[in-house]
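Novice: Curious how this folds, go ahead:
(one chain, ligands or ions: 2)
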Amino acid sequence: MFKEVIVATKNQGKLKEFSKMLGDLGINVRSLTDFDDVPEIVEDGETFEENARKKAEFIKNLYNLPTIADDSGLMVDILDGKPGIYSARFAGEEKNDQKNMEKLLSLLQDVEIKERTARFVSAIALAIPGEETIIVRGTCEGLISYEPRGKNGFGYDPIFYLPQYDKTMAEITPELKNQISHRSNALKELLRVIKKF
Ligand SMILES: O=c1nc[nH]c2c1ncn2[C@H]1C[C@H](O)[C@@H](COP(=O)(O)OP(=O)(O)OP(=O)(O)O)O1
Ligand SMILES: [Mg+2]
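Specialist: Numbering: from 1, shown residues only. Ligands and ions are numbered 1, 2, ... in the order given. As a prediction, this is how the structure comes out:
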């Protein structure tokens with residue numbers, strides 16, 4: 001197995017989670033901030049998997065090092081899976097977590113609790129020089145709350161309610177999030193797939 005991997009993300013929340021989860025496995029994480037002038041990667045795929053592949057292979061080809069990328073988002077059932085792959089830019093190109101949450105809450109204003117089912121999705125791509133890219137998916141089920149609660153995590157965490165803990169994803173500890181999240185589930189799946197080779 002590789003001992004060092006680049007995590008190809010500009011999202012500090014994701015980077016922190018990967019650094020901890022991969023660090024616990026004895027894998028050293030390098031981030032894009034370790035490299036100068038990393039170009040913008042256009043996320044123009046139609047699926048989480050396509051976007052994850054694009055980000056991972058682009059950085060792998062640039063630095064010739066094992067690279068992991070995550071493309072993730074929130075799928076809300078009553079909105080037919082939206083914001084989905086557009087989660088980061090839901091309220092505009094400038095990518096504002098606060099505005100994204102406000103937009104989602106206002107769309108769901110009159111929706112009763114049992115109709116507010118949603119899931120976080122994470123597609124993780126592992127691209128290794130000279131090898132086929134491996135892509136896996138993990139999910140985490142929950143409900144969209146009526147107002148934000150909690151300070152941990154990032155993105156939509158303050159409005160993602162976990163009934164089994166009676167807490168939002170931003171109220172549980174980072175350690176617990178790393179055990180139950182879509183990203184954690186995708187990473188576990190990745191490890192299962194790698195072990196089969
Ligand atoms: O655990 C999570 N907790 C809360 N929100 C989350 C989570 N995971 C993804 N999300 C939301 C944030 C963002 O609105 C979108 C990801 O968009 P996505 O393009 O994959 O990431 P990004 O642009 O922030 O960073 P990058 O592409 O450089 O990895 O889904
Ligand atoms: Mg992105």
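Novice: From now on I want contacts and neighbour counts done on CA atoms only, so please keep to that.
Specialist: Noted.
Novice: show me what contacts the residue nearest the centre of the chain?
Specialist: Nearest to the geometric centre of the chain sits Ser72, at 3.8 Å (Cα atoms, centre = their mean). Listed by Cα atoms under 8 Å, 6 or more residues apart in numbering, the contact partners of Ser72 are Phe48, Gly84, Ile85, Ser87, Phe120, Val121, Ser122, Ala123.
Novice: hmm, which of the residues you listed are the buried ones?
Specialist: Burial by neighbour count, 16 or more other Cα atoms under 10 Å: within the contacts of Ser72 this picks out Phe48, Gly84, Ile85, Ser87, Phe120, Val121, Ser122, Ala123.
Novice: Let me see the backbone angles for the second one.
Specialist: Think Gly84. phi 50, psi -130 (degrees, to the nearest 10).
Novice: The contacts of Ser72 into a markdown table, with extra columns for secondary structure?
Specialist: Shown next, in a markdown table, are the contacts of Ser72 (DSSP: H, G, I helix; E, B strand; the rest coil):
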| residue | secondary structure |
| --- | --- |
| Phe48 | helix |
| Gly84 | helix |
| Ile85 | helix |
| Ser87 | helix |
| Phe120 | strand |
| Val121 | strand |
| Ser122 | strand |
| Ala123 | strand |
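Novice: with those in mind, which one is nearest to Leu191?
Specialist: Ala123 (13.6 Å; Cα to Cα).
Novice: could you measure the residue lying farthest from the centre of the chain against ligand 1, distance?
Specialist: When distances are taken from the C-alpha mean of the chain, Asp110 lies farthest, 27.8 Å away, according to Cα atoms, centre = their mean. Going from Asp110 to ligand 1 by Cα to the nearest ligand atom, to the nearest Å gives 23 Å.
Novice: who are the neighbours in contact with Ile113?
Specialist: Contacts of Ile113 (Cα under 8 Å, 6+ apart): Leu143, Ser145.
Novice: cool, and the one 3 residues further on?
Specialist: Counting by Cα under 8 Å, 6+ apart, Arg116 touches Val76, Asp77, Ile78, Leu108, Leu143, Ile144, Ser145.
Novice: Show only the entries of those residues found in strands.
Specialist: Mapping the contacts of Arg116 onto strands (DSSP state E) picks out Val76, Leu143, Ile144.
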